[in-house]
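**Student:** Here's my sequence, what's the structure:
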Amino acid sequence: MSILADTTIHTIPHTLTPFIAAEIRKPGLLKWRWLYHLLFWLAYYGLTIILYLSLHEKLNLNSYIMIFLTLVIQAPFAYLNLYFLIPRLLFTKKYVYYILALLLVAIACSVLNLLMEHGYATLIEKKPPAKLHILTFSNGCIGFVQIIYILGMVTGIKFVKDTLLNQEQQKEREKQYLETELKFLKSQIQPHFFFNTLNNLYSLTLKKSDLAPDIVLKLSDLMSYMLYESSAPLVPLKKEIDYLQNYLDVEQLRFGQRLSVAFTIEGQPEEASIPPMILILFLENSFKHGVKNNISHILMTISLKVTDGSLYFHVENPLSEEEKAGENNGIGLKNVRRRLDLLYGNAYTLDIREQDKIFTVSLKMPLC
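**Tutor:** All right, here's what the predicted structure looks like:
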């Protein structure tokens with residue numbers, strides 16, 4: 001079998017998925033890019049050999065060398081397209097210049113490949129160059145189609161890789177943005193809480209109430225939890241319940257017999273975790289809008305239930321006569337709703353309503 005017969009069929013195999021996948025890596029692994037490229041060309045060479053063997057009974061050593069030399073010529077033009085033509089022309093929307101440059105690259109590569117085949121055949125077969133019939137228009141067209149094919153293939157690989165990397169980077173940016181917003185929302189809770197409780201403490205000190213020292217101690221426990229526990233993404237539900245109870249104790253000391261709180265707990269909260277400082281905002285809102293300006297006896301009903309991997313939290317309190325519709329949409333409720341949106345998307349339900357001067361909050365959220 002002559003060298004010409006072995007080397008003028010230029011068809012590129014399609015099955016390169018593993019090596020395309022090898023190129024699609026996160027930015028931290030791009031230091032191994034040279035290895036992925038080497039594996040790609042080795043696979044390309046191996047699959048090309050398999051294709052040639054399927055078309056011929058056997059290949060001689062010169063055929064293997066010729067295929068290898070063809071790849072050696074094609075590879076630089078492929079990288080010229082990847083790292084120069086695409087960034088400088090295609091990505092800058094100079095489409096006409098890119099197409100012209102690509103045609104020139106393909107013509108140059110096919111001419112070099114023909115000259116390489118002609119020179120190698122002359123050297124090996126020891127025949128006069130005029131009798132080899134390699135430098136023909138048909139062989140040039142085959143070489144042109146071959147380089148266009150490989151240029152298109154590596155361009156497709158680059159676009160797939162860049163698209164997936166951009167998606168990963170976009171997800172990472174969104175994740176960092178959400179984490180930053182969550183931290184900001186959580187940071188708003190502490191000033192908001194301390195503002196309310198310090199106002200309460202201030203009112204008691206003005207009255208020279210004996211309850212002020214007890215409130216200070218309770219506030220110390222609350223501050224300890226907020227400073228040392230609430231920075232974690234999740235806390236045991238039991239600790240959050242203890243925090244709620246401390247808060248209720250503070251408010252009970254403040255309002256005395258005028259306030260009755262029914263706090264019921266069902267299920268096994270010891271086995272669950274939730275994001276910190278979510279439930280407290282509903283209680284704060286109830287005291288601010290339902291208890292503070294109400295001079296009659298107040299009954300607040302709070303229920304917390306853990307079942308089927310979900311937390312059910314319900315708060316019900318009367319509104320004072322001075323409260324107006326829509327006044328319960330302050331920073332606290334907006335804050336907690338936004339946090340729930342960021343944390344759970346559509347996996348939670350929050351129902352806030354006012355009916356017959358009764359304000360209710362019903363929350364269902366998944367447990368971790």
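**Student:** Distance check, the residue nearest to the spatial centre of the chain against Leu164.
**Tutor:** The centroid of the chain falls nearest to Lys171 when counting by Cα atoms, centre = their mean (2.8 Å). According to Cβ to Cβ, to the nearest Å, Lys171 stands 11 Å off from Leu164. Any C-beta I mention is one placed from the backbone N, CA and C, and that applies to glycine too.
**Student:** repeat for Glu240
**Tutor:** Taking Cβ to Cβ as the criterion, Glu240 is separated from Leu164 by 40 Å.
**Student:** Give me the nearest residue to Ser286, chain neighbours excluded.
**Tutor:** Nearest-residue entry for Ser286: Asn317, 4.4 Å, with adjacent residues in sequence omitted and distances by Cβ to Cβ, 6 or more residues apart in numbering.
**Student:** can you pull out the strands in the stretch 151-300 of the chain?
**Tutor:** Secondary structure of the stretch 151-300 of the chain, counting by DSSP state E, counting those that start in this stretch: strands at 235-236, 259-266, 273-274, 298-307.
**Student:** Looking at those, spot the one closest to Arg339.
**Tutor:** strand 273-274 (11.3 Å; Cβ to Cβ).
**Student:** what lines up beside the closest one in the sheet?
**Tutor:** strand 235-236 (antiparallel) (DSSP bridges).
**Student:** Which elements pack onto the helix or strand containing His37?
**Tutor:** Counting by DSSP states H and E, the secondary-structure element that holds His37 is helix 33-55. The helices and strands touching helix 33-55, judged by 3 or more Cβ pairs under 8 Å, 6 or more residues apart in numbering; DSSP states H and E, are helix 17-23, helix 61-80.
**Student:** so how far is the longest one off the chain centroid?
**Tutor:** Going by Cα atoms, centre = their mean, to the nearest Å, the spacing between the C-alpha centre of helix 61-80 and its chain's C-alpha centre is 40 Å.
**Student:** Quick check: buried residues in that helix?
**Tutor:** Buried residues in helix 61-80, counted by 16 or more other Cβ atoms under 10 Å: Asn62, Ser63, Met66, Ile67, Leu69, Thr70, Ile73, Gln74, Ala75, Phe77, Ala78, Leu80.
**Student:** cool, stretch 279-286 as well?
**Tutor:** Within stretch 279-286, the residues that count as buried by 16+ other Cβ under 10 Å are Leu279, Ile280, Leu281, Phe282, Leu283, Glu284, Asn285, Ser286.
**Student:** Thought Glu240 was touching Glu270, still the case?
**Tutor:** No: applying Cβ atoms under 8 Å as the test, Glu270 and Glu240 come out as separate, 11.7 Å apart.
**Student:** which one of these two has more residues nearby?
**Tutor:** The residue with the greater number of neighbours, taking Glu270 and Glu240 and applying other Cβ atoms under 10 Å, is Glu240; the counts read 26 against 10.
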